[in-house]
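>>> Just the structure for this:
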Amino acid sequence: MKLIIAVVQDQDSDRTIKALNEAGHRVTRVASTGGFFSVGNTTLISGVDDSQVRSVIEILKTTCERRTRLIPAGPNIVESAAMMGRPIRIAFKGESTEGIAKGLGDDGCLILVVEGNEEIKVSAGDATIMRWKENAFGD
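Predicted structure coming up:
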């Protein structure tokens, strides 16, 4: 048995639950909020046999969409973003990249300071935060 916990966007939750139920999977829905944009999400919890894990993952892939959002940048947007100034690791362009979240650019992209003080811009659709790190550069 495996416990699958999937956080999906609210827009995808109804069709995902319907598809999982139609495939014979029982699902528990929990409302949640979080992430970079602090938007509404749905956490889906399902206990499945080991042989059903791939089926559930495929259903999640086909019913959930990746979306890009534009957010209005107010004067305090950088200060209010929880990750600013913190070391993080992201999946970006197929590689794992570590750095310090500096702020948001005029175009809404996250500015990440990587080793050597190089700044890279990362849009929400291009990167996934993998985990917080205690010390990104080993200092």
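>>> going forward, measure contacts between C-alpha atoms and count neighbours the same way
OK.
>>> Now the closest residue to residue 119 other than its chain neighbours. Its backbone dihedrals?
Once flanking residues are discounted, residue 119 sits nearest to residue 113: 4.5 Å by Cα to Cα, 6 or more residues apart in numbering. Torsion angles at residue 113 (phi, psi; degrees, to the nearest 10) stand at phi -90, psi 120.
>>> Residue 106 too?
Note on residue 106: its backbone torsions stand at phi -60, psi -30 [degrees, to the nearest 10].
>>> Can you give me the neighbour number for it?
Number of residues near residue 106 (other Cα atoms under 10 Å) recorded here: 8.
>>> before we move on, what about residue 32?
17.
>>> Kindly report the same for residue 116.
Neighbours of residue 116 under the rule other Cα under 10 Å: 7.
>>> Is it correct that it falls within a helix?
Yes: looking at residue 116 with DSSP: H, G, I helix; E, B strand; the rest coil, it is inside a helix.
>>> give the contact list for residue 59.
Each residue near residue 59 by Cα atoms under 8 Å, 6 or more residues apart in numbering is listed here: 16, 19-20.
>>> which one of these is nearest residue 90?
Distances from those to residue 90 were compared by Cα to Cα; the smallest belongs to residue 16, at 26.1 Å.
>>> which stretch of helix or strand covers the closest one?
helix 10-22 (DSSP states H and E).
>>> Give the buried residues for that helix.
Within helix 10-22, the residues that count as buried by 16 or more other Cα atoms under 10 Å are 10, 13, 16-17, 19-20.
>>> Now pLDDT and distance to residue 87 too, for those residues, in JSON lines please.
Output for the buried residues of helix 10-22, formatted as JSON lines (pLDDT from 0 to 100; distance: Cα to Cα, whole Å):
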{"residue": "10", "pLDDT": "86", "distance to residue 87": "28"}
{"residue": "13", "pLDDT": "92", "distance to residue 87": "31"}
{"residue": "16", "pLDDT": "95", "distance to residue 87": "33"}
{"residue": "17", "pLDDT": "95", "distance to residue 87": "35"}
{"residue": "19", "pLDDT": "96", "distance to residue 87": "38"}
{"residue": "20", "pLDDT": "96", "distance to residue 87": "36"}
